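>>> here is a sequence together with a model predicted from it:
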Amino acid sequence: MPGLKFLNAGQRGFMPVMANDELRAPPPIAILRGKPEIMRVLQAEFAGVERQEKTCCIAFAKPAPVDSVAEHDLMAAVGDRFSRSLRPYDGLLAFEPDLYLIALPHIAEEDTLTVMTRLRGVIVNSPVSIANIGEVSVNLSIGGTMMDASHSLVSNIEHAGRALMLAARGNGVHLWSSEVDGA
């Protein structure tokens, strides 16, 4: 459902933003690009987790290639859909040319898998519009981890990467767990 956002970490259903008693689509969040900026954002989120001020899930989202659609066009369409479906304080980071990293601060661990599944559904449950091509169906895998201050930021990113690999082999969504996936 483009144009709808999460209400808050406790209530993860898509909720409309109301303005002047009318349903209005909120503006999309910005997609951050460039490793220095991305790492700055992730370091800030990780610092909050280390100080125990907040929780944060980081999740990689990777769309499957679509025949006759250029990678950059596919990523632009997926990014646009995500940017309209995240909360204003979430982070949408263009981590690699074919890979987004989504930062979900202030999320309860028990809500994480549900939110990741819902985010995947934003892409796979309705076609995305590709300029000069039209509507296409897109499959997407999403794998993430709750940031853990007992591991380095780089290790947390690696855990999300492992979860993405497992998501691609399974049902499309995977939440990393040291008990299941190893340390």
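Done, it's in. This is a predicted model, so every value here is computed, not measured.

>>> check the gap between the spatially most central residue of the chain and Gly48 for me.
In the chain, the centroid-proximal residue (CA atoms, centre = their mean) is Ile102; its distance is 3.4 Å. Look at Ile102 and Gly48: by CB to CB, to the nearest Å, they are 16 Å apart. (Each C-beta comes from the backbone N, C-alpha and C, glycine too.)

>>> what is the three-state secondary structure of Ala168?
Under DSSP: H, G, I helix; E, B strand; the rest coil, the three-state class of Ala168 is helix.

>>> and what of Glu158?
Of the three states, Glu158 takes helix under three-state DSSP.

>>> that one: neighbour count?
Other residues lying near Glu158 total 14 when counted by other CB atoms under 10 Å.

>>> swap in the one 10 residues further on?
For Ala168, the tally of surrounding residues (other CB under 10 Å) stands at 16.

>>> in stretch 29-42, what's buried?
Along stretch 29-42, these residues count as buried under the neighbour rule (16 or more other CB atoms under 10 Å): Ile29, Ile31, Leu32, Ile38, Leu42.

>>> secondary structure, distance to Val173 and pLDDT added to these, as CSV?
Shown next, in CSV, are these (DSSP: H, G, I helix; E, B strand; the rest coil; distance: CB to CB, whole Å; pLDDT from 0 to 100):
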residue, secondary structure, distance to Val173, pLDDT
Ile29, coil, 21, 76
Ile31, strand, 21, 79
Leu32, strand, 23, 76
Ile38, helix, 22, 90
Leu42, helix, 21, 94
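
>>> distance check, the residue nearest to the centre of the chain against Ser150.
22 Å.

>>> Ser177 versus Phe46, what's the distance?
19 Å.

>>> comparing these two, which residue is more hemmed in?
The residue with more neighbours, out of Phe46 and Ser177, is Phe46; 23 against 13, by other CB under 10 Å.
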